[in-house]
Structures are given as structure tokens and as C-alpha cells.
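Undergrad: Got a sequence here, can you build the structure:
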Amino acid sequence: QVQLVESGGGLVQAGGSLRLSCAASGRTFTTYDVGWFRQAPGKEREFVADISSNGAIKGYGGFVKERFAISRDNAKKTVYLQMNSLKPQDAAVYYCAARRSDSASNEYDYWGQGTQVTVSS
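TA: Numbering: from 1, shown residues only. Sure thing, here's the model as predicted:
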């Protein structure tokens, strides 16, 4: 089992940058794929990016357009989301989630509590 805690959210001006962190606990973190998702008020949850247990980037949401970068440091049990050129429409609660890399399901089993990102125009 793994517990996830996001941090790094906050208020930033349009065009600015933030780096979100997803800190994990649990001895087997290196066997988990991790994804970032976001949800804005009144909207459905949206996929942002995901990364495999060994650090290979699996993909980004279509809206990212090379503005965001996902990475992980397994020694620190942390996954990062570097967000550049932020736009007001990027404002949302950002969540990280984990699933075992050998899972037959595409569903994520563990979720953090989220971190708020606000972008002012």
C-alpha cells in the first residue's frame, strides 16, 4: 500500500511556473506507476501526465503541449510535475495517483488529497 501527499500548489501569474511534488510512503513505491490529474470546479477530472515505475514517461494530456514535465526520484519516493507557461485555464486541484505497474487494470488505486493551483490573468 502507498500513501500520497501533494504539495507545491499556490497562486501564480499567467505565464509563470510551479513545481508540484507527490511524496509517497511505503516500501514498494518503486513498483508503482504514478499519474497526475486535475479537476477544476464544475468540470470532470482530467488526465495530466503519467510515469512508469522505472521513470519512463508514459504520456501527457492533450492540453499540455510541452508546457509540463513529469519526473520521479525513486530514492526520494517523490514524483514531480513541472508546470511552465501556466494559463488561467490550468487552475484546478491537482492530484497524484498510483497503481501497481503490474496491474491488469488501468485504474489508479491510491490518491492524494490534492493541491490547489490558481493562475491569475
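
Undergrad: and residue 92, how far is that from residue 76?
TA: Using C-beta to C-beta, to the nearest Å, we find residue 92 at a distance of 25 Å from residue 76. Heads up, the C-betas are built off the backbone N, CA and C, glycines and all.

Undergrad: Which of these two has more residues huddled nearby?
TA: A direct count of neighbours by other C-beta atoms under 10 Å for residue 92 and residue 76 places residue 92 higher, at 22 against 12.

Undergrad: Could you tell me how far the more buried one is located from residue 7?
TA: Distance from residue 92 to residue 7, by C-beta to C-beta: 16 Å.

Undergrad: what do you get for residue 34?
TA: Taken as C-beta to C-beta, the span from residue 34 to residue 7 is 15 Å.

Undergrad: okay, these two: which has more neighbours?
TA: residue 34 (28 against 13).

Undergrad: and that one, what does it touch?
TA: 22, 24, 50-51, 72, 79, 96-98 (C-beta atoms under 8 Å, 6 or more residues apart in numbering).

Undergrad: In the beta-sheet assignment, what are the partners of residue 82?
TA: residue 19, residue 69 (DSSP bridges).

Undergrad: CSV for the contacts of residue 34, including pLDDT, neighbour count and secondary structure?
TA: What follows is those, written out as CSV (pLDDT from 0 to 100; neighbours: other C-beta atoms under 10 Å; DSSP: H, G, I helix; E, B strand; the rest coil):
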residue, pLDDT, neighbour count, secondary structure
22, 98, 26, strand
24, 96, 23, strand
50, 97, 22, strand
51, 98, 21, strand
72, 97, 24, strand
79, 98, 29, strand
96, 98, 31, strand
97, 98, 22, strand
98, 96, 26, strand
